[in-house]
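J.: have a look; sequence and predicted model below, questions after that.
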Amino acid sequence: MRNKVKGVLIALFATAALGNVQAQSENKTKFGKGIQFVAADSSFSVKIGARFQTLYQGSSNPATKEWDDRFLIRRARLKFDGFAYSPKLEYKIELGLSNSDIGNDTPEQTNNADNIILDAVARWQMTPTLSLWAGQTKLPGNRERVVSSQKMQFVDRSLLNSRFNLDRDAGLQLHNEHQVGTVILREIGSISMGEGRDITVNNSGGYDYTARFEILPLGAFKGDGDYVGGDLEREQTPKLAIAATYDYNDNAAREQGQLGDFLSAQRDLRTVFVDAMFKYRGFSSMAEYANRKAPDGAVVALDSLGNVEEAFTTGNAFNIQAGYLFPANWEIAGRYTNYEPTAGIGQREQQQYTLGLSKYLVGHSLKVQSDFTLQQEQNRDDRYQFRLQMELAF
């Protein structure tokens, strides 16, 4: 309750502040684009956006032979972005208000924050091609994670992402983009705390270092579509993006690097991602491969019976998905994900087969999505999952 009250107070404060400047601001409004204000002297701008996802989720329970289901608010977000002092200095603030957004991983550690702040980052465009980011935001990891949860092709991200994504972290990032003929090249590097978002204690290990390289050999996607699920822009010429990321988390303290429980010992984690996005005339496809290793061994502790009690999540995963958007803005999509954990860490190999159906009413700002998944896990009975979700964003 304390977390939600704090989030509401922040939202009210921001709204009141904007009310004071409305008289001297220019209001530019369009559904899905937020409420926008520009100061009369053009010294700053702010855009306010809000969105939420209502979700029904049900799955078979092989143990009880029952259907377990629930309704929930999967995500509820407030967004603020714009520029300050100069258009070259942009900022973004995003707050998460639902229980799933807040999700304190370590409630017993009272000196950790409560995870309301998702993004709080300033971006300075130093040159026409080079920008410096400072603050907390998503690391330049796998493509699926960087794609906004508002703009996904399915109800939620894949098993690959839930096991290996780098998530958000606080630190510095350098982004460079340049063009050679029609080919677009991007280089991104970051140094961050390594323990994830909203951590207020001193760094418990070393820092996290990430490097990513992207190539778009057929030119730019419309509407930054290389980081948007589905081909809502209906690209008239083939578009392709290929990328690779290497991440080194020095003396990681959490079982998934920036996510999961804090463990009693630390390990160096090395993660590699390779991914690609292709779009053409309503057809889209994305593929990703992830591999994570702990060179000094992933297992930290065993119980008295020799079972794994603490271990870092390591191994590899592959995800591929594809969909087609029909002229009436219905999309059908399929996804296959395979997860192979490192032997001995106490996790099972899994495969997931997902079929999705979506209706886009106003792009990704107002849509209804559903998917059905067959989950196969080593030495366990198959499970089935159905999800139905509405996204509303303004």
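T.: Ah, there it is. In this text, all values refer to a predicted model and were calculated from it rather than measured experimentally.
J.: tell me which element the residue nearest to the spatial centre of the chain is part of?
T.: Nearest residue to the geometric centre of the chain (C-alpha atoms, centre = their mean): Arg145, 3.5 Å. For Arg145, the element it lies in under DSSP states H and E is helix 143-146.
J.: quick one: residues contacting Gln57.
T.: Residues in contact with Gln57 (C-beta atoms under 8 Å, 6 or more residues apart in numbering) are 69-70, 72, 385-387. Yep, even glycine has a C-beta here, placed from its N, CA and C like the rest.
J.: quick one: mean pLDDT for stretch 122-141?
T.: Taken as a whole, stretch 122-141 has a mean pLDDT of 98.
J.: quick revisit: OK, contacts around the residue nearest to the centre of the chain?
T.: Counting by C-beta under 8 Å, 6+ apart, Arg145 touches 138, 157, 161, 165-167.
J.: Leu132 versus that one, what's the distance?
T.: Noted for Arg145: a distance of 22 Å to Leu132, by C-beta to C-beta, to the nearest Å.
J.: Gly356 against Ser158, yeah?
T.: No - taking contacts as C-beta atoms under 8 Å, Gly356 lies outside contact range of Ser158: 11.5 Å.
J.: check contacts around the nearest residue to Tyr209 once chain neighbours are set aside.
T.: Counting by C-beta to C-beta, 6 or more residues apart in numbering, Tyr248 is the residue found nearest to Tyr209 once chain neighbours are left out, at 4.8 Å. Neighbouring residues of Tyr248 by C-beta under 8 Å, 6+ apart: 208-210, 268-271.
J.: and Tyr248, that one's in a strand?
T.: Yes - applying DSSP: H, G, I helix; E, B strand; the rest coil, one finds Tyr248 inside a strand.
J.: export stretch 333-340 to PDB, keeping only CA atoms.
T.: These are the backbone C-alpha positions of stretch 333-340, laid out as PDB (Å, rounded to 0.1, in the frame of the first residue of the first chain):
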ATOM      1  CA  ALA A 333       1.500 -14.900 -35.100                       C
ATOM      2  CA  GLY A 334       3.400 -17.900 -33.900                       C
ATOM      3  CA  ARG A 335       6.400 -18.300 -31.600                       C
ATOM      4  CA  TYR A 336       8.700 -21.100 -30.600                       C
ATOM      5  CA  THR A 337      11.100 -20.900 -27.600                       C
ATOM      6  CA  ASN A 338      13.700 -23.400 -26.300                       C
ATOM      7  CA  TYR A 339      15.500 -23.000 -23.000                       C
ATOM      8  CA  GLU A 340      18.400 -25.200 -22.000                       C
END
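J.: list of residues touching it?
T.: With contact meaning C-beta under 8 Å, 6+ apart, stretch 333-340 is reached by 153-154, 158-160, 163, 230, 315-324, 349-358.
J.: 6 Å instead, please
T.: Contact partners of stretch 333-340, identified using C-beta atoms under 6 Å, 6 or more residues apart in numbering, comprise 153, 158-160, 163, 315-321, 323, 349-356.
J.: wait, what's in contact with Ser131?
T.: For Ser131, the contacting residues are 123, 125, 175, taking C-beta under 6 Å, 6+ apart as the criterion.
J.: list the beta-bridge partners for the first one.
T.: Applying DSSP bridges to Arg123 gives these bridge partners: Glu90, Trp133.
J.: so it sits against Leu89, correct?
T.: No - Arg123 is not in contact with Leu89 according to C-beta atoms under 6 Å; the separation is 7.5 Å.
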